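# need coordinates for the below:
(one chain, ligands or ions: 2)
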Amino acid sequence: MTRTVETKPYDDQKPGTSGLRKKVPVFQQENYAENFIQSIFDALDGFAGKDLVIGGDGRYFNREVIQIAIRMAAANGFGRVIVGKGGILSTPAASHLIRKRKAFGGIILSASHNPGGPHEDFGIKYNADNGGPAPEKLTDAIFARTKTISRYRIADFDPVDIDTIATTSAGGMAVEVVDPVADYAELMESLFDFDAIRRMFAGGFRMRFDAMHAVTGPYAKEILEHRLGAPDGTSRNYHPLPDFGGHHPDPNLVHAKHLYDEMMGPDAPDFGAASDGDGDRNLVIGKGIFITPSDSLAMLAANAHLAPGYKAGLKGIARSMPTSGAADRVAEKMGVGMYETPTGWKFFGNLLDAGMATICGEESAGTGSDHVREKDGLWAVLLWLNILAVRGESAKDIVTKHWATYGRNYYSRHDYEEVESERANALVGVLRAKLKSLPGTRVRGMTIAAADDFAYHDPVDGSVSEHQGIRILFEGGSRVVLRLSGTGTSGATLRLYVERYEPDPDRHDIDTQEALADLIGAADDIAGIRSHTGRDAPSVIT
Ligand code: VG1
Ligand code: CO
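Residues are numbered from 1 along each chain as shown. Ligands and ions are numbered 1, 2, ... in the order given. Below you'll find the model as predicted:
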């Protein structure tokens, strides 16, 4: 039986960089999740009888919302839902499933790298039929709908068994529960030289993969250990837990510090990697060398042709604006297009669909390609393994040779988390107002060459996205970027991105924070970060 339920709008359901993210108690308010899911359906057209993929990163509240989404999909007229067993689907695996099954779209329940648990974060996002995050036009329409919604439709049936692989029927709709790993693992086998990687492991190569108790555990176990023959124990923390073991499933130098320490220690394995809550991010660390995500993007792009899936070369490279320009130098040398987009994977979708870019990346540990329409953590790890296997060199040698060829882009991000929103908005407001007066002024011995608030003109559909981050460019190519996060759930997070290019190989082993000290100071002089935020230092440095 299908019911129409009267409801009242909530005024805080604006999707951010990657869907709607709120604390669990917010999502637990009456009709909160239902309102948002109905608003998604109301913003879509033509899905009657079609397939919808549903899955999540396994965090607290995942299973409850999956049941709600299934009952609402039935009531709204979908023909079939395809659900990952146990409610589990990594974000890239969901993207692949949507594409492979030619589904109408998918609902992914995740708050990515944010912590999970009864008082932590939850999230809902919608992906379209290309497998990618809803474009801005659609998220705007969803948000508009959340403000006027007055009823939602839901079917009444008992909770569906999502723990058995089978196809059943509920409320006149097919419910297909699938293995969340199988299709994804097959896709990876089609892209990479598994034989070469297998030989490398058989020859004694050792790696550590930390799944951070999040969604990639089962994927890593199957692919790295079962299919590639890496020793048992290569994957760590591989049981997805609803609260990620009480940690932030954020693969960075703060939350994955244990991995970093191990990789810098005397008994380090050859390669270390980690992924985030929903499996779309990656952290890679070579024995004795940390590889920034911006550098990793450039190095993967430069070597991608060594993997079977990319042997024809790249059509183009895209990166988010705050990501370092390391990849630009690779694109230039290859003679392929380079695109600079706003933060968030949804902006890569058009470039990938149009065949203008093959590899994309963000400084926030996200890299991916046209094999799906999301960033893909394990994909990046496997591409690194493929490159290591074919080149037969250490990660450290590959990195230092890359720098010798292209120069090094020193890069760091400083996050000021949970700043009072008014203070953060004031900082941005004051800075915006003086952007025009900055060029030509000197700060700490450096001259500002240009300053603007980044606006993106999508070359495919002509849409314009404004206010995507303030960039201050110095003579010589160094730059600082400031923007407010769109994924936090309390207060505002200010992100400061700092970059300096160093062509001289004799100057490639400076400590990163030291190499960037002048720029970090200049950013504070210009933007008044400390005075506005009332903080002496960032909460997280990556
Ligand atoms: C952050 C990152 C951004 C990433 C987004 C989603 O956004 O900076 O690069 O695309 O998270 O990542 P923000 O607005 O907080 O800076 V995740 O792994 O959701 O899926
Ligand atoms: Co993520």
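# got the contact list for whichever residue of the stretch 101-250 of the chain sits closest to ligand 2?
Nearest residue of the stretch 101-250 of the chain to ligand 2, counting by CB to the ion: Ser112, 3.2 Å away. Bear in mind the C-beta positions are built from the backbone N, C-alpha and C, glycine included. Contact partners of Ser112, counting by CB atoms under 8 Å, 6 or more residues apart in numbering, are 18, 57, 91, 123, 249, 276-278, 280-281, 487.
# just checking, which of these belong to strands?
Using DSSP state E, the members of the contacts of Ser112 that fall in strands are Gly123.
# show me the strands in the stretch 101-250 of the chain, by range?
Taking DSSP state E, counting those that start in this stretch as the test, the strands found in the stretch 101-250 of the chain are 105-109, 121-127, 151-155, 167-170, 173-178, 207-210, 235-236.
# which one of these lies closest to Gly272?
Gly272 lies closest to strand 207-210 among the strands of the stretch 101-250 of the chain, at 4.6 Å (CB to CB).
# residues of the stretch 351-500 of the chain that sit close to ligand 1?
Neighbours of ligand 1 within the stretch 351-500 of the chain, by CB under 6 Å from any ligand atom: 362, 364, 366, 485-487, 495.
# swap in the chain?
So far as CB under 6 Å from any ligand atom goes, the chain lies against ligand 1 at 17-18, 112-113, 276, 278, 280-281, 320, 343-345, 362, 364, 366, 485-487, 495.
# enumerate the residues of the stretch 201-350 of the chain near ligand 2.
276, 278, 280-281 (CB under 5 Å from the ion).
# please redo it, this time with the cut-off set to 8 Å
Applying CB under 8 Å from the ion, one finds that the stretch 201-350 of the chain approaches ligand 2 through 276-281.
# gap between Gly172 and Gln67?
17 Å (CB to CB, to the nearest Å).
# these two: who's more crowded?
Neighbours per residue, other CB atoms under 10 Å: of Gly172 and Gln67, the larger number sits with Gln67, 17 against 12.
# the residue nearest to the more buried one when sequence neighbours are not counted: neighbour count?
Counting by CB to CB, 6 or more residues apart in numbering, Pro159 is the residue found nearest to Gln67 once chain neighbours are left out, at 5.0 Å. Pro159: 12 surrounding residues under other CB under 10 Å.
# any idea how far Pro159 lies from Ile510?
57 Å.
# circling back: return the member of the residues of the stretch 351-500 of the chain next to ligand 1 nearest to ligand 2.
Gly366 (7.4 Å).
# let me know whether that closest one touches Leu283 as I believe.
No. With contact defined as CB atoms under 8 Å, Gly366 does not count as touching Leu283 (10.7 Å).
# mutual contacts of these two, please.
The contact lists of Gly366 and Leu283 share Pro293, where a contact means CB under 8 Å, 6+ apart.
# quick one: the helices in the stretch 151-300 of the chain?
182-191, 194-202, 216-220, 257-264, 293-303 (DSSP state H, counting those that start in this stretch).
# could I get those helices as a markdown table with mean pLDDT and mean neighbour count?
Shown next, in a markdown table, are the helices of the stretch 151-300 of the chain (pLDDT from 0 to 100; neighbours: other CB atoms under 10 Å):
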| stretch | mean pLDDT | mean neighbour count |
| --- | --- | --- |
| helix 182-191 | 98 | 17 |
| helix 194-202 | 98 | 17 |
| helix 216-220 | 96 | 28 |
| helix 257-264 | 96 | 16 |
| helix 293-303 | 98 | 26 |
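# need those helices in CSV with distance to Leu97, can you?
Below are those laid out as CSV (distance: least, CB to CB, whole Å):
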stretch, distance to Leu97
helix 182-191, 6
helix 194-202, 21
helix 216-220, 13
helix 257-264, 29
helix 293-303, 24
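# out of the ones you listed, which comes closest to Lys311?
With CB to CB as the measure, helix 182-191 is the member of these nearest Lys311 (10.4 Å).
# gap between the two ends of stretch 153-170?
15 Å (CA to CA, to the nearest Å).
# off-centre distance for that stretch?
30 Å (CA atoms, centre = their mean, to the nearest Å).
# next: stretch 357-373.
What separates the centre of stretch 357-373 from the centre of its chain is 9 Å, taken as CA atoms, centre = their mean.
# give me the distance from the host helix or strand of Leu388 to the chain's centre.
Leu388 belongs to helix 377-391 when elements are defined using DSSP states H and E. Distance of helix 377-391 from its chain centroid, counting by CA atoms, centre = their mean, is 18 Å.
# grab the CA positions of it and hand them over as PDB.
These are the backbone C-alpha positions of helix 377-391, laid out as PDB (Å, rounded to 0.1, in the frame of the first residue of the first chain):
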ATOM      1  CA  GLY A 377      40.400   5.700  -4.100                       C
ATOM      2  CA  LEU A 378      41.300   2.100  -5.000                       C
ATOM      3  CA  TRP A 379      41.600   3.000  -8.600                       C
ATOM      4  CA  ALA A 380      44.300   5.500  -7.800                       C
ATOM      5  CA  VAL A 381      46.100   2.900  -5.600                       C
ATOM      6  CA  LEU A 382      45.900   0.300  -8.400                       C
ATOM      7  CA  LEU A 383      47.200   2.700 -11.000                       C
ATOM      8  CA  TRP A 384      50.100   3.400  -8.700                       C
ATOM      9  CA  LEU A 385      50.700  -0.300  -8.300                       C
ATOM     10  CA  ASN A 386      50.500  -0.800 -12.000                       C
ATOM     11  CA  ILE A 387      53.100   1.900 -12.600                       C
ATOM     12  CA  LEU A 388      55.400   0.600  -9.900                       C
ATOM     13  CA  ALA A 389      55.200  -2.900 -11.300                       C
ATOM     14  CA  VAL A 390      55.900  -1.800 -14.900                       C
ATOM     15  CA  ARG A 391      58.700   0.700 -14.000                       C
END
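# next, the buried residues of that helix.
Neighbour counts over helix 377-391 (16 or more other CB atoms under 10 Å) mark 377-390 as buried.
# what mean pLDDT does that helix get?
Taken as a whole, helix 377-391 has a mean pLDDT of 98.
# which other helices and strands contact the helix or strand that it is followed by?
Per DSSP H and E, the first helix or strand lying C-terminal to helix 377-391 is helix 395-406. Applying 3 or more CB pairs under 8 Å, 6 or more residues apart in numbering; DSSP states H and E, one finds that helix 395-406 makes contact with strand 282-286, strand 289-290, helix 293-303, helix 326-334, helix 377-391.
# and the contacts of the first one?
Translated: strand 282-286. Under the criterion CB under 8 Å, 6+ apart, residues 251-252, 256, 259-260, 263, 270-275, 291, 293, 296, 365-367, 376-378, 380-381, 384, 394-396, 398-399 lie in contact with strand 282-286.
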